[in-house]
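S.K.: generate coordinates for the sequence data below:
(2 chains)
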Amino acid sequence: MLSQLKIKLESFLNKIAKDSFGNEISLPQIELELPADFIYGDFSSNVALKSAKIMKKPPLVIAEGLASLFSSEIKKSELSEYIEKIEVKAPGFINFYLSAKAAGQTIEMLFQEEENYGKSNFGKKEKIQIEFVSANPTGPLSVAHARQAAVGDALANILKYIGFDVTKEYYVNDEGNQIVLLGESIKTRAIEILGGQANLPENGYQGEYIKDMAQIFISENKITKLEDIPSIKHEKWMQFGVKYLMDVIRKELDDFRVHFDVWSYQSKKATLKSIAGMVEGLRAKGFVYEHEGAVWFKSTQFGDDKDRVLRKSDGAYTYLTPDIVYHKDKFDRGFSRVFNIWGPDHHGYIPRIKAAAQALGHDHNSIEVLIVQLATLYKNGEVLSMSTRKGQYVSMREVMEEVGVDAARFFFLMRHIKAHLDFDLELAKKETAENPVFYIQYAYARINSINSKAEIASFKSKQTDFCLLKEEEELVLIKKIGFFTDILISCYQQLDPYPLVSYLLDLATSFHRFYDRYKVIDEGNKELSAERLALANATKVTLGIGLRLLGLSTPERM
RNA sequence: GCGCCUGUAGCUCAAUUGGAUAGAGCAUUUGCCUACGAAGCAAAGGGUUAGAGGUUCGAAUCCCCUCAGGCGCACCA
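M.R.: As a prediction, the model looks like this:
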């Protein structure tokens, strides 16, 4: 409601400014912002400061002039009942103050929309894809994947909510050297189990899970002696490994409440035929050349540091080549933009994949790569090892089981994605105020508890007017609820769910403050109680929607 | 050596993308339960925004340099 009012007011002011000055001076576009403190009003414009130079007058003088112009025009318009007053403050801000009616209508609208509060068609059904996690099926998921999963899922939920047509996708690299190594690693362990001698290949997978897999392979295939091994084809080991580990990964993500719409397999997307087609397509456009027996992609033409090899001199394709085919496939499926969520170790790869998109005829911004920084796990003040060598990394499963899904997901979202994250396992497990996820859920549960009490005392919440809510804590709460839509849009603009996390913490704080200072259910004042009860429930609705968008539960009781 | 990211209170991080007195949590000190859930609230101290220069009405934010840390620089995936 307040978000819409802000947009309305902005265009109204711009029209007035244009009508009054349009021919003489081009004023900068008026954009309203939310002041840091409510003493500066509810909306604020810096247009006077910005235009001081063009108008050759001191900002305060301009601001006074504009303020009185705006004031008289607003009085004549339908906006008059929503704007209470306009003030000018040094060094030249024009501040707008909302009326009680604007606040009241905010809550009324929320109850009309209820569980759809804040939903919008901002995204205009634009078809976008978010590809995330996409870990190679060579082992269980790590903490790094867990953070990417939490981020990708939350972001997809938010974008969907504000009107984008979002597809969540996982790309399975089920071909290539790493899969060959996987197969050989399993085979090696199988030989050992059968009493034979074998060495893991260089860069083979050393984790304990490979031994478990070897054991399962042996019993599934009814292998009884060492002599059976040589007759088993390479492909069989590889296919078994991929299938087994994909089942593990799928289950882990499922338990983490992350569900993908589409699972794409490299082996299906990047066939020899589709690869040849893609390379020929680029060649026809002049982006491909031969050099020292290899086939190269002229990525420097699109800003990359150096050209990249598509096909090595030994005839094998590099990792990049099927990946280009996959991205071509994304665009062929009609996505106008694709978001890829990667770890920081892949950032060097961004220029070449963007170059590929451009070579394929798409815009530079058609691929957006979100780099999610790593999380360092702490336990009792000690850093847990993150080494991926020798399979000694902390797994997503361990974190999930140690602290629970809610706390894990919340902690992974608790910082901007570009910020390195310190994850304190002990803190995440605590069920106290220090733990921010409980702080938010506590506010939610508290409101529920008020509702039970209200029911017993047969208090009804009143969902119109709200003219009795005048205390600062009440108005602050109402206004924060009113700007929920704006927050979701900043998540889109920043491509980061973080603004919503920070908003929910803030909203919970405002509620606890309100709760602590005023009694919601007051026998002596039933009218006021009815409005406060409604305000509390408006908070509950907003908190609930926010928590669910982040993939967190909304406990009625704790 | 080159590129990307980061540097803000003792610690972990914010700061509406260039706005008003740089804010929270933890830790420290101190108040508030006969009370709708104290898993809560209120208050205090703590800052040359790594350092130097520049751009302008206005800089933590933009530009240049220096310093420190992380990551990446394959005919690997």
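S.K.: just confirm A:V309 is within a strand.
M.R.: Yes. A:V309 forms part of a strand when assessed by DSSP: H, G, I helix; E, B strand; the rest coil.
S.K.: is it bridged to anything, and to what?
M.R.: When assigned by DSSP bridges, A:V309 has beta-bridge partners A:W296.
S.K.: center of chain A, which residue is that?
M.R.: Closest to where the C-alpha atoms of chain A average out (CA atoms, centre = their mean) is A:L155, at 2.6 Å.
S.K.: could you report the neighbour count for the residue of the stretch 51-200 of chain A found nearest RNA strand B?
M.R.: Nearest residue of the stretch 51-200 of chain A to RNA strand B: A:G176, at 2.6 Å (CB to the nearest atom of the strand). Backbone N, C-alpha and C define where each C-beta goes, glycine included. Applying other CB atoms under 10 Å, we find 17 residues neighbouring A:G176.
S.K.: please name the nearest non-neighbouring residue to the residue nearest to the centre of chain A.
M.R.: Take A:L155 and drop its neighbours on the chain: the residue closest to it by CB to CB, 6 or more residues apart in numbering is A:P497, 5.3 Å away.
S.K.: number of nearby residues for that neighbour?
M.R.: Neighbourhood size, A:P497 [other CB under 10 Å]: 27.
S.K.: list the contacts of it.
M.R.: Contact analysis of A:P497 by CB atoms under 8 Å, 6 or more residues apart in numbering lists A:V151, A:A154, A:L155, A:I158, A:L413, A:C491, A:L549, A:L550.
S.K.: sorry, back to before: any idea how far the closest residue to the residue of the stretch 51-200 of chain A closest to RNA strand B other than its chain neighbours is from RNA strand B?
M.R.: The spatial neighbour of A:G176 that comes closest, neighbours along the chain excluded (CB to CB, 6+ apart), is A:Y319 at 6.6 Å. Taking CB to the nearest atom of the strand, to the nearest Å as the measure, A:Y319 falls 3 Å from RNA strand B.
S.K.: whether stretch A:436-453 contacts RNA strand B - can you check?
M.R.: Yes. Judged by CB under 7 Å from any atom of the strand, stretch A:436-453 comes into contact with RNA strand B through A:F438, A:Y439, A:Y442, A:A445, A:R446, A:N448, A:S449, A:I450, A:K453.
S.K.: pull up the residues of the stretch 51-200 of chain A that are close to RNA strand B.
M.R.: So the stretch 51-200 of chain A meets RNA strand B at A:52-53, A:59, A:89, A:91-93, A:95, A:136, A:173, A:176-178 (CB under 7 Å from any atom of the strand).
S.K.: give the PyMOL command for selecting the buried subset of these.
M.R.: The following PyMOL line selects those of those that are buried, judged by 16 or more other CB atoms under 10 Å:
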select buried, chain A and resi 52+59+92+93+95+136+173+176+178
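S.K.: let me have the residues of the stretch 51-200 of chain A next to RNA strand B in CSV, extended by pLDDT.
M.R.: Output for those, formatted as CSV (pLDDT from 0 to 100):
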residue, pLDDT
A:A52, 84
A:K53, 81
A:P59, 88
A:K89, 89
A:P91, 86
A:G92, 90
A:F93, 93
A:N95, 95
A:N136, 93
A:N173, 95
A:G176, 91
A:N177, 90
A:Q178, 92
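S.K.: now the residues of the stretch 51-200 of chain A next to RNA strand B as TSV including secondary structure?
M.R.: Shown next, in TSV, are these (three-state DSSP):
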residue	secondary structure
A:A52	helix
A:K53	helix
A:P59	helix
A:K89	strand
A:P91	coil
A:G92	coil
A:F93	strand
A:N95	strand
A:N136	coil
A:N173	coil
A:G176	coil
A:N177	helix
A:Q178	helix
